[in-house]
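[1] When you get a sec, could you give me coordinates for this:
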Amino acid sequence: MSVPPKFPDQVSEASYLQDVFYALATVCLLFVVGAVGLIDAGLVRRKNMLDTWVQKLVCALLAGGALAIIGYAIWEIQFYQALGIPSPITQAISDWWLFGPNVTTFSQDLDPAVSPEADVFQIFLAFFMAYGAVAGALLHSAGLERVKAVPMYVISAVAGGIVVPVALYLTWGSTSPLTNRGVHDYIGTYSLYIVVGVWALILAWRAGPRLGSFTSHPGTSGPVPHNLGWSAFGVAVLMFAAPFAFLGCGYIVPGSGYFGISLTTSGFGIVVINVFMSYVGGGLGGAIIAYRSRNPIMALIGVAAGYIGSGTSLDVGKPWEILIVSFIASFVVWGTYRVLVRLGIDDKKIVPLALGGGIYSALAGGVVGWGDKTGGYFGLTGEYAPQHATINLGWQAVGVVATVVVAGVTGLLVIVALEKTIGLRVSTADEVRGLDDAYWGAPPPPYVDSPASSGLENGHVPEEAVGVKS
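    Below is the predicted model of the structure:
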């Protein structure tokens with residue numbers, strides 16, 4: 001005979017329906033990690049593809065795992081403060097760090113008067129781990145083909161374990177210090193994209209461009225994508241996973257509806273329409289740029305530009321507004337990329353998308369959602385009353401400045417410290433040789449990435465390319 005649960009409300013049918021929903025959103029965030037890996041696998045040279053996948057996965061796991069140690073507990077502090085729990089910082093960390101009782105106890109054994117909806121919040125910890133994994137995967141993209149594994153792993157762990165959680169505490173969640181004053185976010189534009197964008201900019205700057213990026217190099221034909229078909233498939237996976245993952249960025253309240261994570265009134269149907277509208281707007285903008293500039297990469301990342309550029313307003317915007325915002329976003333991303341080229345910074349997608357697109361998204365959200373009610377928490381009064389604050393452009397800008405300062409200071413400290421101690425960049429010999437061979441003893445075909453093969457078409461290998469070591 002089975003032992004009845006101590007607190008059956010924690011394992012009710014309604015609770016399990018929410019569990020399934022957030023578990024699905026969590027899995028879809030992992031699909032986003034895979035999508036980023038596929039995109040990068042197509043953009044790198046053949047001689048670096050295996051190492052790109054290995055580093056990508058390890059960076060994602062380290063960032064997600066580090067976030068689980070104390071990062072989720074840092075985010076929970078805001079709710080303990082709003083609920084008036086004594087010593088909110090120490091209590092939240094004590095309850096929700098990796099070895100805390102709320103993480104190590106089955107939900108049916110946790111008193112709902114102390115830990116309501118414990119099962120849902122436990123699954124949300126896994127959601128946060130997947131969120132951190134996306135951050136690690138994106139950070140790795142900024143150092144493709146040239147940054148050593150160890151510093152890349154340290155960067156991912158520190159960013160995922162500490163910096164992203166601090167930004168989450170400040171800007172994401174209905175009782176966060178800035179949200180409670182009017183800063184609005186939905187998909188994590190501030191804490192994920194802007195933080196990653198700032199760190200990616202610092203990393204790409206300090207690591208320097210890949211050999212052959214802006215000036216010719218005798219040992220390599222330069223960083224030419226070896227298979228954009230893989231990148232296109234990655235974009236397709238991203239389009240599949242994003243709607244489910246984004247819907248996890250909100251509250252489900254039976255009988256009342258769906259609310260964005262900042263407690264904005266929203267709806268499942270409109271959010272899904274808005275996500276697909278962002279694909280259309282961003283994709284069309286990217287396609288126009290791609291044909292005008294003869295740069296096919298923009299046709300692929302235009303989709304990501306669209307949903308990132310409208311990410312703060314997907315829960316509050318009307319579909320036609322999201323179409324306009326996402327269309328413009330592609331041109332903002334393209335403009336950011338052109339600025340990076342002029343500055344000699346080698347990053348085709350992460351800084352343009354995450355930093356350029358992220359800042360634009362934050363500001364656009366202030367325009368689209370201007371006057372909408374936000375902030376607070378269910379059942380509270382006073383300074384944390386539900387929807388007591390309003391969205392506006394000014395507070396969105398404050399959120400941008402605060403996030404850039406936090407990310408900039410921490411990024412400089414960590415990345416420059418790594419540069420001055422263990423170094424960031426692989427040796428020139430290993431970069432020319434290829435990281436698959438240098439790290440894993442898996443060299444590509446001998447003609448790949450040799451200067452003599454720069455004009456290869458349709459797989460034809462000229463005689464002079466045979467025997468040239470990559």
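[2] Give me the below-cutoff pLDDT ranges for the stretch 1-150 of the chain.
    1-2 (pLDDT under 70).
[3] 90 - rerun?
    1-19, 108-120 (pLDDT under 90).
[4] Point out where the stretch 301-450 of the chain drops to low pLDDT.
    The stretch 301-450 of the chain contains residues with pLDDT under 90 at 348, 442-450.
[5] How far off centre is the stretch of helix or strand residue 33 belongs to?
    Residue 33 belongs to helix 13-43 when assigned by DSSP states H and E. When C-alpha coordinates are averaged (Cα atoms, centre = their mean, to the nearest Å), helix 13-43 and its chain have centres 12 Å apart.
[6] Let me know the next secondary structure element after it.
    Defined by DSSP H and E, the subsequent element after helix 13-43 is helix 49-66.
[7] can you give me the angle that following helix makes with helix 13-43?
    For helix 49-66 against helix 13-43, the angle by axes from the mean of the first three to the mean of the last three Cα atoms, to 10 degrees is 150 degrees.
[8] mind listing what's buried in helix 49-66?
    49-53, 55-66 (16 or more other Cβ atoms under 10 Å). C-beta coordinates here come from the backbone N, C-alpha and C atoms, glycine included.
[9] Stretch 223-235 now?
    For stretch 223-235, using 16+ other Cβ under 10 Å, the buried residues are 223, 225-226, 230-231, 233-235.
[10] Can you list which of those residues are found in helices?
    The members of the buried residues of stretch 223-235 that map onto helices under DSSP state H are 230-231, 233-235.
[11] backbone phi and psi for residue 265, please?
    phi -70, psi 130 (degrees, to the nearest 10).
[12] In TSV, list the buried residues of stretch 223-235 along with pLDDT and distance to residue 38.
    Putting the buried residues of stretch 223-235 into TSV (pLDDT from 0 to 100; distance: Cβ to Cβ, whole Å) gives the following:
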residue	pLDDT	distance to residue 38
223	86	18
225	87	12
226	84	13
230	93	5
231	94	7
233	96	5
234	96	3
235	95	8
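[13] now those residues in JSON lines, with distance to residue 430?
    Formatted as JSON lines, the buried residues of stretch 223-235 follow (distance: Cβ to Cβ, whole Å):
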{"residue": "223", "distance to residue 430": "15"}
{"residue": "225", "distance to residue 430": "20"}
{"residue": "226", "distance to residue 430": "18"}
{"residue": "230", "distance to residue 430": "23"}
{"residue": "231", "distance to residue 430": "24"}
{"residue": "233", "distance to residue 430": "29"}
{"residue": "234", "distance to residue 430": "26"}
{"residue": "235", "distance to residue 430": "30"}
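[14] quick one: which of these is nearest residue 23?
    residue 234 (23.4 Å; Cβ to Cβ).
[15] Does that closest one touch residue 39 like I think?
    Yes - judged on Cβ atoms under 8 Å, residue 234 makes contact with residue 39 at a distance of 3.7 Å.
[16] Can I get stretch 187-202 in CSV? Just the C-alpha atoms.
    The C-alpha trace of stretch 187-202 is given here as CSV (Å, rounded to 0.1, in the frame of the first residue of the first chain):
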residue,chain,number,x,y,z
ILE,A,187,12.3,36.4,-23.1
GLY,A,188,15.3,37.6,-21.0
THR,A,189,16.6,40.3,-23.3
TYR,A,190,18.5,42.0,-20.6
SER,A,191,19.8,39.1,-18.6
LEU,A,192,20.6,36.8,-21.5
TYR,A,193,21.1,38.7,-24.7
ILE,A,194,22.6,42.0,-23.5
VAL,A,195,24.8,40.3,-20.9
VAL,A,196,26.0,37.8,-23.4
GLY,A,197,26.4,40.6,-26.1
VAL,A,198,28.7,42.7,-23.8
TRP,A,199,30.8,39.7,-22.8
ALA,A,200,31.0,38.5,-26.4
LEU,A,201,32.2,42.0,-27.5
ILE,A,202,34.9,42.0,-24.9
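[17] Run the chain-centre distance for it.
    Centroid separation for stretch 187-202 versus its chain: 7 Å, with Cα atoms, centre = their mean.
[18] Please apply the same query to stretch 335-347.
    Counting by Cα atoms, centre = their mean, stretch 335-347 is centred 21 Å from the centre of its parent chain.
[19] buried set for it?
    Neighbour counts over stretch 335-347 (16+ other Cβ under 10 Å) mark 336-337, 340, 345-347 as buried.
[20] quick one: which two of those are the most distant?
    The span of these, defined through Cβ to Cβ, is set by 336 and 346 at 13.8 Å.
[21] pretty sure residue 252 belongs to a helix, no?
    No - Residue 252 is assigned strand when assessed by DSSP: H, G, I helix; E, B strand; the rest coil, not a helix.
[22] so how many other residues sit close to it?
    17 (other Cβ atoms under 10 Å).
[23] Tell me where the model's unsure across the stretch 151-300 of the chain.
    In the stretch 151-300 of the chain, residues with pLDDT under 90: 212-227, 244, 252-256, 295, 297.
[24] Can I get stretch 320-331 in PDB? Just the C-alpha atoms.
    The C-alpha coordinates for stretch 320-331 follow below in PDB (Å, rounded to 0.1, in the frame of the first residue of the first chain):
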ATOM      1  CA  TRP A 320       1.200  44.300 -36.500                       C
ATOM      2  CA  GLU A 321       3.500  46.100 -34.100                       C
ATOM      3  CA  ILE A 322       5.700  43.000 -33.700                       C
ATOM      4  CA  LEU A 323       5.900  42.800 -37.500                       C
ATOM      5  CA  ILE A 324       7.200  46.300 -37.800                       C
ATOM      6  CA  VAL A 325       9.600  46.000 -34.800                       C
ATOM      7  CA  SER A 326      11.100  42.800 -36.000                       C
ATOM      8  CA  PHE A 327      11.500  44.000 -39.600                       C
ATOM      9  CA  ILE A 328      13.500  47.000 -38.300                       C
ATOM     10  CA  ALA A 329      15.500  44.700 -36.000                       C
ATOM     11  CA  SER A 330      17.300  43.100 -39.000                       C
ATOM     12  CA  PHE A 331      18.600  46.400 -40.100                       C
END
